[in-house]
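Trainee: I would like to see how this sequence folds:
(chains A and B, ligands or ions: 6)
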Amino acid sequence: MGVDELDRATVRVSGLSRTFDVSRPWLNRVIERTPKAFLKAAQDITFSISRGETFALVGESGSGKSTVAKMVVGLLEASAGEITVDGVDMRGAQHGKEMRDLRRRMQMIFQDPYASLNPRWRVDRIIAEPIRAFRLENDEKAISKRVGELLELVRLDPRDGAKYPHEFSGGQRQRICIARALASKPEFLVCDEPTSALDVSVQAQILNLMKDLQDEFGLTYLFISHDLAVVRHMAKRIGVMYLGRLVEVADGKELFRNPRHPYTRMLLEAIPDLEMSGRPRKAVEGEIPNPINPPPGCAFHPRCPLANVRCNRELPLFKGEGETGVACHAVEEGRA
Amino acid sequence: MAETPLLSVRNLKVEFPTRRATLTAIDGISFDLKKGEVLGVVGESGAGKSITGSAIIGLLEPPGRISGGEILLGGERIDNLSQTAMRKVRGKRIGMIFQDPLTSLNPLFTIGEQITETIMTHLPVSEAEARKRAVSLLEEVGIPAAAERLDAYPHQFSGGMRQRVVIALALCAEPELVIADEPTTALDVSVQAQIIGLLKRICKDHGASVMLITHDMGVIAETCDRVAVMYSGRIAEIGPVRDVVKNPHHPYTVGLMGAIPTLVGELDRLTQIPGSMPRLDAIPKGCPFNPRCAHVFDRCRAERPDPIDVGTSRVACWLVEEGRNDRASKVEQA
Ligand SMILES: Nc1ncnc2c1ncn2[C@@H]1O[C@H](COP(=O)(O)OP(=O)(O)OP(=O)(O)O)[C@@H](O)[C@H]1O
Ligand SMILES: Nc1ncnc2c1ncn2[C@@H]1O[C@H](COP(=O)(O)OP(=O)(O)OP(=O)(O)O)[C@@H](O)[C@H]1O
Ligand code: SF4
Ligand code: SF4
Ligand SMILES: [Mg+2]
Ligand SMILES: [Mg+2]
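Mentor: Numbering: from 1, shown residues only, chains lettered A, B, ... in the order given. Ligands and ions are numbered 1, 2, ... in the order given. Okay, the predicted model is just below:
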């Protein structure tokens, strides 16, 4: 990465890790003589996102994407590593004005839309909450005007503000979440499956809207989606996660044209076929390993067609130029 | 020749009475689901897909209610059953996978407790047996190290893992009909393939039928035998998947197919259907799609089109109906 890019990087994550204690209750452990158990949900995650850029995380369910997202916005404490936003260390900024300012500038759209909406609040109150909390508008009339605009932005009707979350369909609720996230005029948005509950037409509207906002206000996105077609559409760079680790980071176009890590290739081959060309969908090989007791060496080796003895023993290191690269012995040895 | 369909929905209407007006969320839909068949249901957000599912399983949220039509399961009406009778049908004969996985899981109980409890409610098995089944079911939906994770609470699972627990819950009593509302939305393609494989397998092995609500046309194309396209509480088009995807008739279906992001071609902007689905209190007269339709003409604003047969599909659109008449008359003249 050149000096220019260094300067422009707003979000930097380095060596980020999170371990969960998933031990059985103490008494059971004593009786059954089982040791404590730990789950490494994220390990040594490093990436940065420049202002106005979209960086996407993809990877199998349970690979640690939401865990990384929650750490980045400060909802989950990291076990190790650091996160800086515009050079400000997130840990140092836990208090006072700095944190408050960061909170406004960073927002998150959650994977589970309904669970993140207060069922007893009307929708206009839900959306107005960040506007009030950060005192972006003071006058009630201005607040309600802004709420109406936000609802329209996500293709809901301003009159919908008078309803409660349960009166909406799944996709409508997700749009409420998006409106709320946009309410504080954030600069950095972490989107965890922002459109997964949306049909293609509304999805197209929301994704186009997100791109427009980015063009207009220079928003920065950390974008998580399991839908590779959506990711391809949205992201400039993509990070592929497997069992808590980043295994490949590449330019978006390049990743689809020339996937290098065997896991990335498998992911791309598993995409369902809309053309109905009769291409059999490549069955995903092997089982997803146990995250509590992951395979040694490269965690992907039990499922990897290129695995050899070295892979069973030695963890492949992330190698590449600047921030793009791959963690795979076969790629490094030139036999991939 | 006609075998009794497993599920038959006849002219179903669902209403939400409110202080100001009565909103009609489902306005006269009819379809059949044969044994062992997978029917896809697609349509924009708010089209009434989930409400249709909730109506079938008898879980409409009050004040929502069925205000017309019938629902038959194996030839017998289930829309007028008592609460107690319906509770027996639910879970045992019909399994439902809800759109919001967290709402069907109790945060205070472990995953294992919830599945074994459900199995024991519906099947005559011991607790040890139920636990064994729970583990194998979780493995089938792709939860690694299922036995070790049975004691975890829902919040300790990732979004996609919770979704799979909900799928396991819906399937654990081996129901005849599975209503799956966006079962794979939060799942990556590899797990998605596994779940779809599982759904197909239960159709084949147990002759179960599946109503699959999803916005993912890739999943529809791959899994379903037929697909229904819903708009504003009505069915715009229903037919064999291949015909609907490859050769859609209804202008709304055509638009929907164009909005899908693909892995090839242009990256810049996705096609979108202009405008949005009308609110329930402002459904236009005539064809509900008319304000957004590029082919609208006078009749569309005045009269509501009913579904008619077009080849192997059924389509509710005046353009198609009149176009068909044209072609039909040409054939007659020839
Ligand atoms: N609070 C927690 N306690 C224990 N384990 C947890 C907790 N939160 C997450 N995990 C575990 O960490 C792993 C990663 O979870 P995470 O939610 O980050 O996955 P994800 O990549 O977002 O998956 P998905 O695509 O399914 O949402 C999973 O194995 C999950 O069970
Ligand atoms: N409890 C309720 N009270 C009033 N209106 C409701 C209620 N529940 C749903 N609706 C309305 O009924 C319509 C259909 O909702 P439904 O949940 O069936 O949509 P859907 O097709 O499943 O959409 P999505 O793809 O977004 O899940 C929506 O306009 C919704 O706002
Ligand atoms: S390191 Fe070995 S096992 Fe891992 S992806 Fe590369 S070739 Fe496969
Ligand atoms: S009936 Fe008319 S408005 Fe409705 S879809 Fe057909 S052409 Fe368009
Ligand atoms: Mg997640
Ligand atoms: Mg729904």
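Trainee: middle-most residue in chain A, spatially?
Mentor: Central residue check for chain A by Cα atoms, centre = their mean: the C-alpha nearest the mean position is that of A:Ile224, 3.4 Å away.
Trainee: Am I right that that residue is in contact with A:Gly59?
Mentor: No - counting by Cβ atoms under 8 Å, no contact exists between A:Ile224 and A:Gly59, whose distance comes to 9.0 Å. Just so you know, the C-beta spots here come from the backbone N, C-alpha and C atoms, and that holds for glycine as well.
Trainee: can you list residues touching both of these two?
Mentor: Overlap between the contact sets of A:Ile224 and A:Gly59, as judged by Cβ atoms under 8 Å, 6 or more residues apart in numbering or on different chains, is given by A:Lys65.
Trainee: Please name the bridge partners of the residue positioned nearest the centre of chain B.
Mentor: Geometric centre of chain B, nearest residue: B:Ile213, 2.8 Å, by Cα atoms, centre = their mean. For B:Ile213, the residues forming beta bridges with it (DSSP bridges) are B:Val41, B:Asp181.
Trainee: so how far is ligand 5 from it?
Mentor: 21 Å (Cβ to the ion, to the nearest Å).
Trainee: where along the stretch 201-334 of chain B do the strands fall?
Mentor: Taking DSSP state E, counting those that start in this stretch to define them, one finds strands in the stretch 201-334 of chain B at B:209-213, B:226-231, B:234-240, B:308-310, B:313-315.
Trainee: So for A:Ala42, which of those sits nearest?
Mentor: Minimum separation from A:Ala42 across these (Cβ to Cβ) falls at strand B:209-213, 32.7 Å.
Trainee: got a pLDDT number for the closest residue to chain A within the stretch 51-200 of chain B?
Mentor: The nearest approach of the stretch 51-200 of chain B to chain A comes at B:Gly160, 2.9 Å away (Cβ to the nearest Cβ). The pLDDT attached to B:Gly160 in the predicted structure is 82.
Trainee: Ok, B:Pro248 next?
Mentor: The predicted structure lists B:Pro248 with a pLDDT of 91.
Trainee: so what's the closest residue to B:Leu177 other than its chain neighbours bridging to?
Mentor: With sequence-adjacent residues excluded and distances taken as Cβ to Cβ, 6 or more residues apart in numbering or on different chains, B:Leu177 is closest to B:Ile94, at 4.6 Å. Beta-bridge partners for B:Ile94, by DSSP bridges, are B:Arg90, B:Leu177.
Trainee: for B:Leu72, helix, strand, or coil?
Mentor: When the structure is reduced to helix, strand and coil (DSSP: H, G, I helix; E, B strand; the rest coil), B:Leu72 reads as strand.
Trainee: residue contacts, the residue of the stretch 51-200 of chain B closest to chain A?
Mentor: A:Ser61, A:Gly62, A:His226, B:Ala186, B:Leu187, B:Asp188, B:Val191.
Trainee: Out of those residues, flag the one nearest to ligand 6.
Mentor: Compare each of those with ligand 6 using Cβ to the ion and the shortest gap goes to B:Ala186, at 13.8 Å.
Trainee: and the residue nearest to A:Ala235 when sequence neighbours are not counted, what are its bridge partners?
Mentor: Closest residue to A:Ala235 in three dimensions, ignoring its sequence neighbours and counting by Cβ to Cβ, 6+ apart: A:Ala56, at 3.6 Å. With beta bridges defined as DSSP bridges, A:Ala56 has these partners: A:Phe223, A:Ile238.
Trainee: so how far is ligand 3 from A:Ala56?
Mentor: Summarising the geometry, the distance separating A:Ala56 from ligand 3, computed by Cβ to the nearest ligand atom, to the nearest Å, is 20 Å.
Trainee: Next up, the contacts around that residue.
Mentor: Counting by Cβ under 8 Å, 6+ apart, the residues that A:Ala56 touches are A:Leu222, A:Phe223, A:Ile224, A:Ser225, A:Val231, A:Met234, A:Ala235, A:Arg237, A:Ile238, A:Gly239, A:Gly252.
Trainee: By proximity to ligand 5, which residue of chain A wins?
Mentor: Going by Cβ to the ion, ligand 5 is nearest to A:Ser66 of chain A, at 3.1 Å.
Trainee: For that residue, which non-adjacent residue is spatially closest?
Mentor: Leaving aside its chain neighbours, A:Ser66 sits nearest to A:Asp192 (5.5 Å; criterion: Cβ to Cβ, 6+ apart).
Trainee: helix, strand or coil for A:His233?
Mentor: In terms of secondary structure, A:His233 is helix; the call rests on three-state DSSP.
Trainee: can you count the residues close to it?
Mentor: A count of nearby residues for A:His233, using other Cβ atoms under 10 Å in any protein chain shown, gives 24.
Trainee: which residues in the stretch 51-200 of chain A form strands?
Mentor: In the stretch 51-200 of chain A, the strands defined using DSSP E, counting those that start in this stretch lie at A:54-59, A:80-85, A:88-89, A:106-109, A:188-192.
Trainee: And these: which comes nearest A:Pro259?
Mentor: A:Pro259 sits nearest to strand A:54-59 of all those, at 11.2 Å, using Cβ to Cβ.
Trainee: close to ligand 5, is that closest one?
Mentor: No - legend: contact between strand A:54-59 and ligand 5 by Cβ under 5 Å from the ion is lacking; minimum distance shown is 9.5 Å.
Trainee: angle of that strand against strand A:188-192?
Mentor: 20 degrees (axes from the mean of the first three to the mean of the last three Cα atoms, to 10 degrees).
Trainee: okay, strand A:54-59 in CSV with CA atoms only?
Mentor: Extracted in CSV, the C-alpha atoms of strand A:54-59 (Å, rounded to 0.1, in the frame of the first residue of the first chain):
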residue,chain,number,x,y,z
THR,A,54,-16.6,-0.9,0.1
PHE,A,55,-14.8,-3.8,1.6
ALA,A,56,-16.8,-7.1,1.8
LEU,A,57,-16.4,-10.1,4.0
VAL,A,58,-17.7,-13.4,2.7
GLY,A,59,-17.5,-16.9,3.9
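Trainee: who in the stretch 101-250 of chain B is up against ligand 4?
Mentor: Taking Cβ under 6 Å from any ligand atom as the contact definition, the stretch 101-250 of chain B meets ligand 4 at B:His250.
Trainee: anything in stretch B:166-186 near ligand 6?
Mentor: No - applying Cβ under 5 Å from the ion, one finds stretch B:166-186 out of contact with ligand 6, separated by at least 5.9 Å.
Trainee: neighbours around the residue in the stretch 151-300 of chain B that ligand 2 sits nearest to, how many?
Mentor: Of the residues in the stretch 151-300 of chain B, the one nearest ligand 2 is B:Leu280, at a distance of 5.1 Å by Cβ to the nearest ligand atom. Close neighbours of B:Leu280, defined as other Cβ under 10 Å, add up to 20.
Trainee: likewise B:Thr110?
Mentor: Going by other Cβ under 10 Å, the residues that sit close to B:Thr110 add up to 16.
Trainee: OK, contacts around the closest residue to ligand 4 within chain A?
Mentor: For chain A, the residue positioned closest to ligand 4 under Cβ to the nearest ligand atom is A:Ser201, at a distance of 14.6 Å. Counting by Cβ under 8 Å, 6+ apart, A:Ser201 makes contact with B:Glu44, B:Gly255, B:Leu256, B:Ala259, B:Gln272, B:Ile273.
Trainee: Report the inter-axis angle for the host helix or strand of it versus strand A:188-192.
Mentor: Using DSSP states H and E, A:Ser201 falls within helix A:200-217. Note on geometry: by the same axes, to 10 degrees, helix A:200-217 and strand A:188-192 are set 160 degrees apart in direction.
Trainee: So which bits of helix A:200-217 are buried?
Mentor: Neighbour counts using 16 or more other Cβ atoms under 10 Å in any protein chain shown place A:200-211, A:213-214 of helix A:200-217 among the buried residues.
Trainee: Pull the distance from it to the chain's centre.
Mentor: Its chain's C-alpha centre lies 17 Å from the corresponding centre of helix A:200-217 when counted by Cα atoms, centre = their mean, to the nearest Å.
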